[in-house]
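Novice: My questions are about this predicted structure, shown below with the sequence.
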Amino acid sequence: MIPALRYTLLTDGSSDRSFQPILTWLLRIYVTEIPIVPQFADLRSLPNPPRGLSNRILTSLDLFPCDLLFVHRDAEREPTTARIREIRDAEASVQNSTNLPPIICVIPIRMLEAWLLFDEQALRAAAGNPRGHNPLPLPRMSDVESIPDPKVLLFDCIRTATELPSRRLRTDRIRQYAYRLAEYIDDYAPLRQLSAFVALEQDVQTLVVQQGWNARGLQES
């Protein structure tokens, strides 16, 4: 067994770093005996960021070597199968270029923000107003995968949760509150109502067993 499980997250954009607490939470369910070391492939800060998914994968693995690579793409208006095929084609194209670790696809039906619209108390805390009482327009969990623009709704919830006048709320400040929300959520189990999260968890379960990273969590979940 490896001494620690080091994973790298490669995302569409820097704000999608919020996936990391979700992925770490999920891995810890099934990998119970060894430490988990998360890394975020922030390629946009490079002098010449790589273009194309294949090159981004290669650069990520060069700068952030790992035992497991999560590759995120938002499905948005594309079928999930098309996004999976895109990632698998990129994986195949670099198969002989490097020591490629296992790759797991992270593909929300819409976008990351849909996976953050369920924990009211965490949202209020992330907005800096944990004792607030303004009603928040949080959707039912069964509806979040069909929301046209989850980011707009999340920002509206954050704006309402702060209970501050609009003149004191710049968009960049709301964005900062929104993208630290994932760090305030302790339990992501409610996401098991979402088809995209179920698919992600099944992939994690299968890989943990295949790699022998400690399958005890499978029997305990």
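Specialist: Alright, I've got the coordinates. Here the structure is a predicted model, which is why all the values come from computation and not from measurement. Numbering: from 1, shown residues only.

Novice: All the helices of the chain, residue numbers only.
Specialist: Ranges of helices within the chain are 19-30, 53-63, 80-93, 120-126, 150-162, 171-179, 195-211, 216-220, based on DSSP state H.

Novice: Compare these and give me the one nearest His72.
Specialist: helix 19-30 (6.0 Å; CB to CB). (Each C-beta comes from the backbone N, C-alpha and C, glycine too.)

Novice: Could you list every helix and strand in contact with that closest one?
Specialist: strand 5-10, strand 36-40, strand 68-72, helix 195-211, helix 216-220 (3 or more CB pairs under 8 Å, 6 or more residues apart in numbering; DSSP states H and E).

Novice: Can you show me the CA trace of stretch 21-34 as CSV?
Specialist: Extracted in CSV, the C-alpha atoms of stretch 21-34 (Å, rounded to 0.1, in the frame of the first residue of the first chain):
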residue,chain,number,x,y,z
PRO,A,21,-13.0,19.7,-0.3
ILE,A,22,-15.6,17.6,-2.0
LEU,A,23,-13.1,15.2,-3.5
THR,A,24,-11.1,14.9,-0.3
TRP,A,25,-14.3,14.2,1.6
LEU,A,26,-15.3,11.5,-0.9
LEU,A,27,-11.9,9.8,-0.9
ARG,A,28,-11.7,9.7,2.9
ILE,A,29,-14.8,7.5,3.0
TYR,A,30,-13.0,4.8,1.2
VAL,A,31,-9.4,5.4,1.9
THR,A,32,-9.3,5.2,5.7
GLU,A,33,-5.8,3.9,6.4
ILE,A,34,-3.5,6.3,4.7
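
Novice: for this protein, what are the low-confidence residue spans?
Specialist: By pLDDT under 70, the low-scoring segments of the chain are 215-221.

Novice: From the recorded domain assignment, give the ranges for it.
Specialist: Structural domains assigned to the chain are 5-109+194-220, 113-184, following automatic domain parsing.

Novice: so can I have TSV of these showing mean neighbour count?
Specialist: Formatted as TSV, the domains of the chain follow (neighbours: other CB atoms under 10 Å):
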stretch	mean neighbour count
domain 5-109+194-220	16
domain 113-184	17
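
Novice: Run a quick check on Tyr177 versus Arg124, I expect a contact.
Specialist: No - contact between Tyr177 and Arg124 fails when scored by CB atoms under 8 Å: they sit 10.3 Å apart.

Novice: For Ser93, see how far away Gly52 is.
Specialist: 9 Å (CB to CB, to the nearest Å).

Novice: Give me the distance between Ile107 and Pro38.
Specialist: Taken as CB to CB, the span from Ile107 to Pro38 is 19 Å.

Novice: Also Tyr177?
Specialist: 22 Å.

Novice: Also Ala189?
Specialist: Distance from Ala189 to Pro38, by CB to CB: 20 Å.

Novice: for Arg6, same thing?
Specialist: Distance check for Arg6 against Pro38: by CB to CB, it reads 8 Å.

Novice: re earlier: closest one to Ala161 among the helices and strands packed on helix 19-30?
Specialist: helix 195-211 (23.5 Å).

Novice: what's the closest one packed up against?
Specialist: helix 19-30, strand 103-106, helix 216-220.

Novice: tell me the angle of that helix relative to strand 68-72?
Specialist: 160 degrees (axes from the mean of the first three to the mean of the last three CA atoms, to 10 degrees).

Novice: Centre of the chain to helix 195-211, how far?
Specialist: Counting by CA atoms, centre = their mean, to the nearest Å, helix 195-211 is centred 14 Å from the centre of its parent chain.
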